[in-house]
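Peer 1: here is a sequence together with a model predicted from it:
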Amino acid sequence: MTGIGPTSQRPQEAPGGGATGVTPQPSPAADRASTFTTLNMVRSLVPLVVIILLVVWWQAFRQSGVDPVRTVDPSSTVQLAASRAAYPVVLPAGLPSSYRPTSARTDAGTARQGGPVTLQVGYLTPAQKFAGFAESDDPRADAVASVLDGAQEHGTVDLGGRAWSRSTTQRGETALWMRSGGVTVLVSGSASEKELETVAGAVRPYSG
């Protein structure tokens with residue numbers, strides 16, 4: 001008589017004590033851990049490395065000696081103002097090359113013939129500060145009133161053979177100005193008094 005004996009294979013027991021043939025599935029956490037390989041880590045770091053390299057390049061570019069200051073040629077603006085103004089236009093002339101014009105504007109393009117005309121030219125000084133030149137036969141022109149309204153006058157100074165009034169503006173900046181025949185000529189800005197005096201002392205009649 002042939003009997004069935006025990007085998008070397010034993011059924012897997014289920015949690016309740018019973019046997020089951022189903023192999024347990026790996027948990028989601030284990031799946032995530034298996035995908036976190038060195039290659040994936042490198043891929044995730046690539047964008048960060050690119051950003052760092054761009055920042056380093058930008059800093060090197062800023063320190064490479066490239067001049068970020070945009071200078072302008074004010075001649076066409078001055079010519080327009082001189083052609084429309086009812087007064088002889090003056091302008092700083094012969095300034096050192098370290099005084100660079102960075103802006104020029106006039107309202108002469110919209111002014112009626114014989115009407116008020118305002119001219120402004122802004123300079124970047126050797127100390128990287130602002131010196132603004134303005135002239136107008138309109139006493140309420142913003143270029144004049146915004147500087148001199150509320151300013152405290154502190155005597156005069158002789159520059160270029162002319163007497164200029166010295167004032168301290170409400171912003172605490174120095175303003176050098178003179179008024180003749182209803183025309184105000186003004187030099188002001190964040191530049192030092194010495195630099196402002198250099199600009200004011202260079203003012204000459206515009207000859208075209």
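Peer 2: In hand now; what should we look at? The structure displayed is predicted, hence computed values, not measured ones.
Peer 1: and the gap between residue 159 and residue 119?
Peer 2: 19 Å (C-beta to C-beta, to the nearest Å). For glycine as for every other residue, the C-beta is placed from the backbone atoms N, C-alpha and C.
Peer 1: neighbour count winner among the two?
Peer 2: residue 119 (28 against 20; other C-beta atoms under 10 Å).
Peer 1: beyond the longest helix along the chain, next helix or strand please.
Peer 2: The single longest helix within the chain, with elements called by DSSP state H, is helix 38-62. As assigned by DSSP states H and E, the chain's next helix or strand after helix 38-62 is helix 75-84.
Peer 1: helices and strands around that next one, which ones?
Peer 2: The helices and strands touching helix 75-84, judged by 3 or more C-beta pairs under 8 Å, 6 or more residues apart in numbering; DSSP states H and E, are strand 100-106, strand 118-124.
Peer 1: including distance to residue 141 and mean pLDDT, could those go into TSV?
Peer 2: Listed next are these as TSV, based on distance: least, C-beta to C-beta, whole Å; pLDDT from 0 to 100:
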stretch	distance to residue 141	mean pLDDT
strand 100-106	11	97
strand 118-124	5	98
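Peer 1: closest one to residue 87 among those strands?
Peer 2: For the helices and strands packed on helix 75-84, proximity to residue 87 was assessed by C-beta to C-beta; strand 118-124 is nearest, at 10.4 Å.
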